[in-house]
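Novice: fold the following.
(one chain, ligands or ions: 1)
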Amino acid sequence: MSELTENNNDKLIIGDDVFVPFLTENVIQNRIKEMADQISQDYKGKIPIFIGVLNGAFIFLSDLIKNISINCEIDFFKLSSYGDSKISSGNVRMLKELNCDVNGRDIIIVEDIVDTGLSIKYLEEIFQTHKPDSMKVCSLLMKPESIKYNVKIDYIGFNIPSKFVIGYGLDYAQKYRNLRSIFVLSE
Ligand code: 5GP
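Specialist: Got it, this is the predicted structure:
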């Protein structure tokens with residue numbers, strides 16, 4: 001597929017896989033506004049640092065902070081866990097460290113999706129060693145049935161079934177992150 005056309009009623013056929021529309025741009029944006037309002041209220045009088053987990057969370061983080069009404073800072077952290085596979089490998093590697101000093105700061109880890117919880121658990125352990133004042137986790141999507149690790153997600157956009165999703169930052173072998181809506185693998 002050389003051209004990417006997106007129509008909310010269209011299926012996406014990628015090799016042998018068929019993806020169907022799941023969360024529209026409108027639904028995603030409305031929910032992000034609600035999440036941003038809640039975070040702005042919770043952090044009133046503070047200047048939190050949003051830490052986006054690359055690559056998947058960059059679009060979500062960008063839309064989220066555009067709706068945040070208090071002062072805030074951002075940074076990015078890069079992990080690798082899935083490679084090009086649709087199933088979690090169970091391994092996490094750090095590919096990019098933070099640039100900012102989170103010591104004594106209020107940090108909010110921003111993920112695109114929480115599946116087994118391994119990435120979040122790993123990040124929480126790393127960031128805890130930098131002694132932030134507080135640490136919360138915000139994820140656009142969460143697959144509650146897939147959770148294997150004991151993690152608390154403070155802000156959840158949507159709880160979804162344990163199916164593979166793409167679009168809005170989420171990739172299929174590194175592609176399709178630029179879709180404005182989210183598609184789910186049809187079985
Ligand atoms: P966890 O460490 O919680 O098992 O997995 C989190 C990471 O796995 C996410 O940041 C994301 O990169 C990837 N991931 C989990 N589920 C999906 C999915 O349905 N689609 C895509 N594209 N990536 C996923």
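Novice: could you check whether the helix or strand containing Phe127 is close to the ligand?
Specialist: In this assignment (DSSP states H and E), Phe127 forms part of helix 118-128. Yes - counting by C-beta under 6 Å from any ligand atom, the ligand is contacted by helix 118-128 at Leu118, Ser119. (Each C-beta comes from the backbone N, C-alpha and C, glycine too.)
Novice: check which helices and strands the helix or strand just after that helix sits against.
Specialist: Following helix 118-128 in sequence order, the next helix or strand is strand 134-142 (DSSP H and E). Judged by 3 or more C-beta pairs under 8 Å, 6 or more residues apart in numbering; DSSP states H and E, strand 134-142 is in contact with helix 25-42, strand 106-114, helix 118-128, strand 155-159.
Novice: show me which residues of this protein sit near the ligand.
Specialist: Counting by C-beta under 6 Å from any ligand atom, the chain comes close to the ligand at 53, 56, 81-82, 88, 111-119, 164-166, 170-171.
Novice: point to the residue nearest the middle of this protein.
Specialist: Here the mean C-alpha position of the chain is nearest to the C-alpha of Asp112 (C-alpha atoms, centre = their mean), at a distance of 1.2 Å.
Novice: still on that earlier bit, most tightly surrounded among the helices and strands packed on strand 134-142?
Specialist: Ranked by mean neighbour count, the helices and strands packed on strand 134-142 are led by strand 106-114 with a mean of 23 (mean count of other C-beta atoms under 10 Å).
Novice: what strands flank it, and is each parallel or antiparallel?
Specialist: strand 49-54 (parallel), strand 134-142 (parallel) (DSSP bridges).
Novice: model confidence score at Lys152, please.
Specialist: For Lys152, the model assigns a pLDDT of 95.
Novice: now it. Nearest residue, chain neighbours left out?
Specialist: The shortest distance from Lys152 to any non-neighbouring residue, by C-beta to C-beta, 6 or more residues apart in numbering, is to Val137 (7.0 Å).
Novice: pull the number of nearby residues for the one you found.
Specialist: Burial of Val137 is recorded as 23 neighbouring residues (other C-beta atoms under 10 Å).
Novice: any idea how far it is from Asn103?
Specialist: 19 Å (C-beta to C-beta, to the nearest Å).
Novice: many thanks, I have nothing further to ask.
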